[in-house]
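K.L.:
just to be clear, the model below is a prediction. Sequence and coordinates:
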Amino acid sequence: MIGNPIVASLELGGTKSIASLTQGTRILQQERIATGDRPEAVLAFMIETLQRWMRETPFAAIGVASFGPVGLDADREDFGYILTTPKPGWSNFNLLPRIRDSFDLPIGFDTDVGGAALAEGLWGASSGCRTHAYLTIGTGVGLGLIVDGKVHHGALHPEAGHVRLRRSPGDTFQGICPFHGDCLEGLISGPALISRAGGPVDQLPASDSIWAHVAHDLAEFLTMLLLVTSAERILLGGGVALGRPMLLPAIHAAVAQRLNGYLHKCAPSDLQTRIRFAGLGADAGPLGGSALALQALQRR
């Protein structure tokens, strides 16, 4: 990529959606709106914001990073659509086609976690890694997987938040996922934790049993992720993860115990580097859209 172009980023998250104007890792402008259950209103706000920025500070490309599942196969009719989702009002919404109708620019499109994983590889805590993953834990649980600098897709994209795990001993919580009940998202997402606790969890002490169950569930999942992908680094992001630093030591110990010496360099001390918090923090999402925009510009 020649120079340091200004690009626009749209991040659609489960709770809020953010429009950003960026140059590298610098966020020049930013606007946000509650995602809610009215996609038409959210998209209109986003498009109007980008059109205003284009008049003031022309940008070279747009990156769209959205909660999923989304259609990523350019040969299918649902390319660029949000598919069947638990998010009320958003199923089968034609997101990307509407943006393309408004801007004659290169547009990159992927999941919000795929974009965040890409940004962490370019500028954050996975820099220099060929294979790395980003797990976000917030309104939902999502996984972005990067292989050789590209976001991994298959028939769809990773939907790892909906895997089922061995349950934590003594944990009888039924889970809240409308599709699977006690999948990973149904157990440890922000809404799941509120349901477990019967209210906000911000003030729960580190000794509360809820956090032991969360550490167990994450260790189960991360052990499987290491065995399946052999990721050089796994980053944890999202409000639930970033707000609970006391979880990491317990996760490292539990993953090492589950691996039982099987994988190379997976002692607890090694896992401190291999499994860690996202380096871009809360900016991983907006910068994920920026990374997708830069890739689209490069392809053009």
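P.N.:
Cool, the structure landed.

K.L.:
make sure residue 9 is indeed in a strand.
P.N.:
Yes - when classified by DSSP: H, G, I helix; E, B strand; the rest coil, residue 9 is found to be part of a strand.

K.L.:
do you know how far it is from residue 289?
P.N.:
For residue 9, the distance to residue 289 (Cβ to Cβ, to the nearest Å) stands at 3 Å. (C-beta placed from N, C-alpha, C; glycine too.)

K.L.:
list residues touching both of the two?
P.N.:
Taking Cβ atoms under 8 Å, 6 or more residues apart in numbering as the contact criterion, the common neighbours of residue 9 and residue 289 are 20, 62-63, 65.

K.L.:
dump those residues to CSV, plus distance to residue 178, neighbour count and secondary structure.
P.N.:
Putting the shared contacts of residue 9 and residue 289 into CSV (distance: Cβ to Cβ, whole Å; neighbours: other Cβ atoms under 10 Å; DSSP: H, G, I helix; E, B strand; the rest coil) gives the following:
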residue, distance to residue 178, neighbour count, secondary structure
20, 31, 25, strand
62, 32, 29, strand
63, 30, 31, strand
65, 24, 34, strand
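
K.L.:
where does this structure dip in pLDDT?
P.N.:
Segments of the chain classed as low confidence (criterion: pLDDT under 70) are 1-2.

K.L.:
quick one: the residue nearest the centre of it from residue 197, how far?
P.N.:
When Cα atoms, centre = their mean is applied to the chain, the residue found nearest the centroid is residue 113 (2.5 Å). Taken as Cβ to Cβ, the spacing of residue 113 relative to residue 197 amounts to 25 Å.

K.L.:
and residue 276, by the same measure?
P.N.:
Taking Cβ to Cβ as the criterion, residue 276 is separated from residue 197 by 26 Å.

K.L.:
same check on residue 38?
P.N.:
29 Å.

K.L.:
ditto for residue 288
P.N.:
When distance is defined by Cβ to Cβ, residue 288 is 30 Å away from residue 197.

K.L.:
of these two, give the one with the bigger neighbour count.
P.N.:
Neighbours per residue, other Cβ atoms under 10 Å: of residue 288 and residue 197, the larger number sits with residue 288, 34 against 14.

K.L.:
in this structure the more buried one contacts residue 115, no?
P.N.:
Yes - shown here, residue 288 and residue 115 form a contact pair, counting by Cβ atoms under 8 Å, at 2.7 Å.

K.L.:
give me the common contacts of the two.
P.N.:
In contact with both residue 288 and residue 115: 11, 63, 65, 144, using Cβ under 8 Å, 6+ apart.

K.L.:
mind putting those into CSV with distance to residue 28?
P.N.:
Output for the shared contacts of residue 288 and residue 115, formatted as CSV (distance: Cβ to Cβ, whole Å):
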residue, distance to residue 28
11, 15
63, 14
65, 18
144, 24
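
K.L.:
and those residues, which two are the farthest apart?
P.N.:
In terms of Cβ to Cβ, these reach their longest pairwise distance at 63 and 144, which sit 13.5 Å apart.
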